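In: I need the structure of the sequence given here:
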Amino acid sequence: MFVLQPASDLMDQRGEDLEDRLLDFATRVGKLVEALPETRLGRHIAGQLVRSGTSPAPNYAEACAAESKKDFVHKLGIALKELRESRTWVKLILKSEMLSDDRIKPLLDECIQLCNIIGKSVVTAKANLQNTK
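Out: Down below sits the predicted model:
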């Protein structure tokens, strides 16, 4: 039997789903970082990627608890910035052939999808902010 949920419940569920995806992404980044070689470049990328790849989830959680619409847009923008940085580090790992393509490409694909989702959310939130003025 299908039960119609209020729109606010559906939005909350989508937000939780996105937070779960961001947490899964952070976990996968952590595992990837542990697999990087103990070279100068490997250590440098590991340090940068562990920071940028684990921060979108808590930044998104903070955005969801924002004090204003402007604060929401700002914090969501930070999550997007960190995802874009992570995407660049993952691409560098791919180009430098530090790990196999099979290991990297699924994470890169997820990062791109998350960038698109958060990016669209930022655009929508900014438009909504402009419409309320």
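In: where does this structure have low pLDDT?
Out: 1-15, 133 (pLDDT under 70).
In: report the longest helix in it, please.
Out: helix 101-131 (DSSP state H).
In: chain center to that helix, what's the gap?
Out: 7 Å (C-alpha atoms, centre = their mean, to the nearest Å).
In: again, but for stretch 84-100
Out: Its chain's average C-alpha position is 16 Å from that of stretch 84-100, according to C-alpha atoms, centre = their mean.
In: show residues contacting that stretch.
Out: Contacts of stretch 84-100 with the rest of the structure, by C-beta atoms under 8 Å, 6 or more residues apart in numbering, involve 29, 32, 35-37, 41-42, 45, 48-49, 52-53, 56, 101, 104-105, 107-108, 111-112, 115. From N, CA and C alone the C-beta is placed, and that goes for glycine too.
In: and those, which of them are buried?
Out: Listed as buried from the contacts of stretch 84-100 are 29, 32, 36, 42, 45, 48-49, 52-53, 56, 104, 107-108, 111, 115; burial here means 16 or more other C-beta atoms under 10 Å.
In: among those, which one sits closest to residue 62?
Out: Distances from residue 62 to the buried ones among the contacts of stretch 84-100, taken as C-beta to C-beta, are shortest for residue 56 (10.6 Å).
In: ok, the closest one touching residue 24?
Out: No. Using C-beta atoms under 8 Å as the test, residue 56 is too far from residue 24 to be in contact (11.2 Å).
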